[in-house]
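K.L.:
My questions are about this predicted structure, shown below with the sequence.
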Amino acid sequence: MILPISTSIRPLRTPYTNYALIVLNAFFFLITYSPHYSIVGGARVVEPLRAWAVQFMLTPAQPDMWQFITYAFLHSGFMHIIGNMFFLYLFGNNVNDKLGHIGYLCLYLAGAVFAGIGHTLLHVNPVLGASGAVAAVTGAYLVLFPQTLITVLYWFFFIGTMELSALYFIAFKLIVWDNVVEPRFSPAAIAYSAHLAGYAFGIAAMLIMLATGLITGSNFDLWAMLKRWEQRRHYRNVVSTGYDPFTGRTKAKRIKVKEVKKTAAQREREEKIERLRNEISSQMQQRNLPAAAETYLELIELDNKQVLPRQYLLDIANQLASDKKATESAWAYEQFLAHYSSYEYIEQVELMLGLLYARYLHQPESAIKHLQAAAKKLSDPGQLKMCQDELDKLQN
């Protein structure tokens, strides 16, 4: 038996939407769950729901549109809801952090709908439970955080723990083994089709959003891994032509050699970028901000389009400002504004940028722009006065 118990990363902001979904599921379970016996086809069976709640299950024979949502908030027993909510808590917090509250809620509800459609197309028996929606969230986690380490508890003849990457654990244990292999040996009435449809939706939705730039990717997500795999495949194909630069071949062959060299250089550069990002992540976890800031400067010198996770970037920008590296700090804050404009305290970033441009970089036009943006949202009287005083100096 294998059970995940923790992941190696923590969300940077409180995942309120995920917590709200867990509370809602628990609430609806408490008001709808009432196991009782009934006679169906001459057999005595256990019905899990109160009579009035049965209409909210998804009935493939004659489904109502709203059932594709409501069925996902019903559960057939304590182990059913505990299992679903545990996995939602384990994987949902980081996905909530990545997508934001509205995006995460849309993913969860759409996952429930697609899982319900998957079940309806292949089965006629009614279904209930959040498993399909949770599968969509877990599939999204697989794409966004495939290299995250998951600590799993195992017990066979003995008990212990080990760490597995999310890619292998989710792909092979949760998706393939639990929903493809195990059902061949288990007669339990579990909606495996709904699970697989949920996983497929979560994975496909995140890959599309990363590929189209609807959400900010990283060098560690599945889309980036697939692109690197394609680049390595292309490199191997070019090298396999056997070109020898000393044999004096055709111009076309020489062009191929340049492509090989360029691809090799790109690969070396990408490996260095990945190493630097890993170093920053490790330094941030150790709260070694000065070292993280220095590594960040090395990273953007190599590729100034690199974007760190929100809290990492903000902490490093603040550290650079405290180190009196005004130009570098301003760059980091500008990156933050460009990629995390929905940050709830964005006026603080605007204020810092305005002060940097006004007092240290002597760029009054940029300073005025950011200070005016900050003044519109600042609520702290002291900060607002500081902002207005600086604006008065610049405009007079």
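P.N.:
Thanks, I have it.
K.L.:
tell me what the lengthiest helix in the chain is packed against?
P.N.:
For the chain, the helix with the greatest residue count under DSSP state H is helix 78-122. Packing partners of helix 78-122 (3 or more Cβ pairs under 8 Å, 6 or more residues apart in numbering; DSSP states H and E): strand 2-7, helix 16-32, helix 67-70, helix 131-144, helix 192-212. Glycine gets a C-beta too; all of them are placed from N, C-alpha and C.
K.L.:
Out of those, which is the most enclosed?
P.N.:
helix 131-144 (a mean of 29; mean count of other Cβ atoms under 10 Å).
K.L.:
quick one, the longest helix of the chain and helix 16-32 angle?
P.N.:
Per axes from the mean of the first three to the mean of the last three Cα atoms, to 10 degrees, the angle that helix 78-122 makes with helix 16-32 is 100 degrees.
K.L.:
that older thread, and the helices and strands packed on helix 78-122: which comes nearest Y312?
P.N.:
Y312 lies closest, by Cβ to Cβ, to one member of the helices and strands packed on helix 78-122: helix 131-144, at 15.7 Å.
K.L.:
Next, the angle from that closest one to helix 78-122.
P.N.:
Helix 131-144 runs at 90 degrees relative to helix 78-122, counting by the same axes, to 10 degrees.
K.L.:
Can you give the contact residues for the helix or strand that helix 131-144 is followed by?
P.N.:
Using DSSP states H and E, the helix or strand that follows helix 131-144 in sequence is strand 149-155. Contacts with strand 149-155, where a contact means Cβ atoms under 8 Å, 6 or more residues apart in numbering, come from 1-8, 159-166, 169.
K.L.:
What about F158, how many residues nearby?
P.N.:
6 (other Cβ atoms under 10 Å).
K.L.:
Next up, phi/psi of it, please.
P.N.:
Reported as degrees, to the nearest 10, the phi and psi values for F158 are phi -150, psi 170.
K.L.:
okay, it: pLDDT?
P.N.:
Looking at F158, its pLDDT reads 74.
K.L.:
likewise D64?
P.N.:
For D64, the model assigns a pLDDT of 94.
K.L.:
and if you look at S186?
P.N.:
63.
K.L.:
mind checking how far the nearest residue to Q283 once chain neighbours are set aside is from V127?
P.N.:
The shortest distance from Q283 to any non-neighbouring residue, by Cβ to Cβ, 6 or more residues apart in numbering, is to A292 (4.0 Å). Remark: distance between A292 and V127 (Cβ to Cβ, to the nearest Å) = 48 Å.
K.L.:
Could you do P63 as well?
P.N.:
Counting by Cβ to Cβ - P63 and V127 are separated by 10 Å.
K.L.:
from memory Q283 sits against T295, does it?
P.N.:
Yes. If you go by Cβ atoms under 8 Å, Q283 and T295 touch, sitting 6.3 Å apart.
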